[in-house]
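>>> coords please:
(one chain, ligands or ions: 2)
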Amino acid sequence: MTPQEINDSNYVRIFDTTLRDGEQSPGASMTLAEKLKVAEVLDDMGVDVIEAGFPIASNGDFEAVREVAKLMKRSTVAGLCRASKVDIDRAWEALRHAKSPRIHTFISTSPLHMKVKLQMDPEDVVAAIHESVSHARRYCEDVEWSAEDGTRTEPDFLCRIVETAIAAGATTINIPDTVGYTTPDEYFDMFRMVRERVPNADKAVFSAHCHNDLGLAVANSLAAVRAGVRQIECTINGLGERAGNAAMEEIVMALRVRHDAMPYETGIDSTYLTRASKLVSQVSGFPVQYNKAIVGKNAFAHESGIHQDGMLKDAQTYEIMTPESVGLNKSNLVMGKHSGRHAFKEKLKDLGYALGDNAFQEAFSRFKDLADRKKNVYDEDIVALVDDELNRAGDRIRVKSLRIACGTDVVQTADLTLEIDGKVSSASMSGDGPVDAIFKAIKKLTGEYPHLALYQVHAVTGGTDAQAEVSVRLEDEGHVASGQGADTDTLVASAKAYVNALNRLIVRREKSAPQGLQASA
Ligand SMILES: CC(=O)SCCNC(=O)CCNC(=O)[C@H](O)C(C)(C)COP(=O)(O)OP(=O)(O)OC[C@H]1O[C@@H](n2cnc3c(N)ncnc32)[C@H](O)[C@@H]1OP(=O)(O)O
Ligand SMILES: CC(C)C(=O)C(=O)O
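Ligands and ions are numbered 1, 2, ... in the order given. Model prediction:
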């Protein structure tokens, strides 16, 4: 069934122009293979019309339209062309392979564009519309005509040319807000006026094509639907010329979530939205802003403790649609300094930890300290933090505090305080670098001088604020023990790792020949 044949008067056709208008974004060019990948997802998700390119523009565009046309199983495939026979012939050459082809022809109709850009009289424009649409109809039953810069077109002239295009055989009439200038009320009034005044308006489906120069593209498109428009032209991620086009994911979800206020249907399977967004971002090289509606990284992410608590009790407290409905697995409780105990407990559960009350309180307080120091707290950080805590449980020696002097013009010194069997002692040692100074201070305080067999540092996550995870292996009298320490400060992590290994070494040694451990300072 072609989009024109759909009988449901509340059905809004989704016309995706990611591959044409989206690709007009400076820097967003896609290869043929990438376009085919995107087109396949659009076809699968239920897009009614895919505008695959502008065939006269280049051989590459021609080939892309032709290959998309061949490949699509259910979507209609459109190719754009100017009001020119050569353009239309070329477009048809590419489209004729499609199961359901559409020729999309356009011409500017605002006084400014006609005079300055086209340098044509309005009467010549009317004639060009008649000729181009009639020519396209010779090839194809499905012809869309667009009035470029329609929202800045003089109303009487607009009505006249819409009537002309429909009389010449256009089955879809698109009145674009080419420069993103209109407002929702104005766009609504314009469509209502045209539909009321043009005598053959009922012979065509009306279409909205909005640009986002004032951030109104989606609002304007939805206003057009209220005025009787039944096709929306949009792009994945809102890609498109300048500030982009109306974002498909926002249109589809607005109509779905607020069906009570806007009782219209689309044929889109919204669970494809995330996948389509990721794919378009990847092939266009345009990242999706974190707070982008529907498909932004943070669209279903919650960091504040109060929100996270609400989410855990009932997701509807802070989410108006489910992440699953747009193809995400689940909401993301982002752990940060605003998170509370409920969310932290849930996160630990997800990560496979079941801590007792004391261990939980200890881990939570260390997590808060970490979140104060670190911009992003990732799952790996929490794992490192809890493992570090579990590793140290029962340790006889603990790091209480550490102060380091290091740099180009100071003696590298570690001022270290340890708690050994409940007794607090401090030492200050210099060394060949801060790590050496720390390890010397530990040896002095514990009276233990094992051989350092391994010292290794790695970053738990990316970024300069990443936690360092340090591994140390110590050997003494045939006993070997390893220890780990994690902290945003590599030197603190080093001290913890050494002390952790030493605790284990002492336990091992004591198991074979028990001995007391004395604080030596
Ligand atoms: C609002 C929109 O998004 S419209 C689509 C915009 N997309 C593109 O322009 C991308 C593809 N475009 C192209 O590859 C090229 O511009 C082409 C192949 C279409 C034309 O290239 P050129 O022949 O070198 O012309 P150029 O781009 O410099 O100028 C455009 C010409 O088309 C004319 N023109 C513009 N729109 C139309 C139209 N709808 N119908 C007829 N003529 C038009 C202009 O008046 C100008 O004519 P002129 O050469 O007589 O002055
Ligand atoms: C050619 C038309 C549909 C267009 O892209 C616009 O006016 O923005």
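
>>> near ligand 2, which residues of the stretch 101-250 of the chain?
Residues of the stretch 101-250 of the chain lying close to ligand 2 by CB under 6 Å from any ligand atom are 106, 146, 148, 174, 176, 178, 209, 211. Using the backbone N, CA and C atoms, a C-beta is placed for each residue, glycine as well.

>>> how does it look with 8 Å?
Counting by CB under 8 Å from any ligand atom, the stretch 101-250 of the chain comes close to ligand 2 at 104, 106, 146, 148-150, 174, 176-179, 209, 211, 233, 241, 245.

>>> whichever of those residues end up buried, select them in PyMOL.
Listed next is the PyMOL selection for buried residues among those, using 16 or more other CB atoms under 10 Å:
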select buried, resi 104+106+146+148+149+150+174+176+177+178+179+209+211+233+241+245
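
>>> now, which of the residues of the stretch 101-250 of the chain next to ligand 2 lie within strands?
Here DSSP state E is the test, and these give 104, 106, 146, 148, 174, 176-177, 209, 233 as lying in strands.

>>> run the chain-centre distance for stretch 120-128.
Its chain's average C-alpha position is 44 Å from that of stretch 120-128, according to CA atoms, centre = their mean, to the nearest Å.

>>> sec struct for residue 398, please.
Following DSSP: H, G, I helix; E, B strand; the rest coil, residue 398 is assigned to strand.

>>> in stretch 180-196, which residues are buried?
Applying 16+ other CB under 10 Å to stretch 180-196 flags 180-182, 184, 187-188, 190-191, 194-195 as buried.

>>> about what we covered before: got the ones in strands among the residues of the stretch 101-250 of the chain next to ligand 2 as JSON lines, with distance to residue 158 columns?
Shown next, in JSON lines, are these (distance: CB to CB, whole Å):
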{"residue": "104", "distance to residue 158": "18"}
{"residue": "106", "distance to residue 158": "14"}
{"residue": "146", "distance to residue 158": "12"}
{"residue": "148", "distance to residue 158": "12"}
{"residue": "174", "distance to residue 158": "12"}
{"residue": "176", "distance to residue 158": "12"}
{"residue": "177", "distance to residue 158": "13"}
{"residue": "209", "distance to residue 158": "15"}
{"residue": "233", "distance to residue 158": "18"}
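
>>> thinking again about what came up before, show me which pair in the buried residues of stretch 180-196 is furthest apart.
180 and 195 (22.4 Å; CB to CB).

>>> quick check on the closest residue to residue 118 other than its chain neighbours: phi, psi?
Leaving out its chain neighbours, the residue that sits closest to residue 118 by CB to CB, 6 or more residues apart in numbering is residue 108, at 5.7 Å. The phi/psi pair for residue 108 (degrees, to the nearest 10) reads phi -70, psi 140.

>>> tell me which two of the residues of the stretch 101-250 of the chain next to ligand 2 sit farthest apart.
For those, the farthest-apart pair by CB to CB is 104 and 179; their separation is 19.1 Å.

>>> now stretch 140-148: buried residues?
Applying 16+ other CB under 10 Å to stretch 140-148 flags 140, 142-148 as buried.

>>> near ligand 1, from the residues you listed?
Within these, those near ligand 1 by CB under 8 Å from any ligand atom are residue 148.

>>> could I get the buried residues of stretch 140-148 as CSV with pLDDT?
Shown next, in CSV, are those (pLDDT from 0 to 100):
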residue, pLDDT
140, 97
142, 98
143, 98
144, 98
145, 98
146, 98
147, 98
148, 98
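
>>> mind telling me which residue of the stretch 301-450 of the chain is nearest ligand 2?
residue 326 (26.3 Å; CB to the nearest ligand atom).

>>> residues contacting that residue?
Going by CB atoms under 8 Å, 6 or more residues apart in numbering, residue 326 touches 249, 253, 270-271, 273-274, 294-295, 299.

>>> can you report phi and psi for it?
phi -110, psi 10.

>>> and the gap between it and residue 270?
Distance, residue 326 to residue 270, using CB to CB, to the nearest Å: 6 Å.

>>> shared neighbours, these two?
Here residue 326 and residue 270 share the contacting residues 249, 253, scored by CB under 8 Å, 6+ apart.

>>> would you check how far apart the nearest residue to residue 375 once chain neighbours are set aside and ligand 2 are?
Excluding the flanking residues, the one nearest residue 375 by CB to CB, 6+ apart is residue 465, at 5.6 Å. Applying CB to the nearest ligand atom, to the nearest Å, the value for residue 465 to ligand 2 is 44 Å.

>>> other SSEs contacting the helix or strand harbouring residue 390?
Here residue 390, judged by DSSP states H and E, is contained in helix 379-392. Contact partners of helix 379-392 among helices and strands, from 3 or more CB pairs under 8 Å, 6 or more residues apart in numbering; DSSP states H and E: helix 341-350, helix 357-373, strand 479-487, helix 490-512.

>>> chain center to the second one, what's the gap?
Here the centre of mass of C-alpha atoms in helix 357-373, compared against the chain's by CA atoms, centre = their mean, lies 30 Å away.

>>> ok, the shortest one next?
In this view, strand 479-487 has its centroid 39 Å away from the chain centroid, taken as CA atoms, centre = their mean.

>>> tabulate the CA atom coordinates of that strand in PDB.
Provided in PDB are the C-alpha atoms of strand 479-487 (Å, rounded to 0.1, in the frame of the first residue of the first chain):
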ATOM      1  CA  HIS A 479      56.400 -16.500  51.400                       C
ATOM      2  CA  VAL A 480      54.800 -14.500  48.700                       C
ATOM      3  CA  ALA A 481      51.800 -12.200  49.000                       C
ATOM      4  CA  SER A 482      50.000  -9.800  46.600                       C
ATOM      5  CA  GLY A 483      48.000  -6.800  47.500                       C
ATOM      6  CA  GLN A 484      45.900  -4.200  45.700                       C
ATOM      7  CA  GLY A 485      44.900  -0.600  46.400                       C
ATOM      8  CA  ALA A 486      42.600   1.800  44.600                       C
ATOM      9  CA  ASP A 487      42.400   5.500  44.900                       C
END
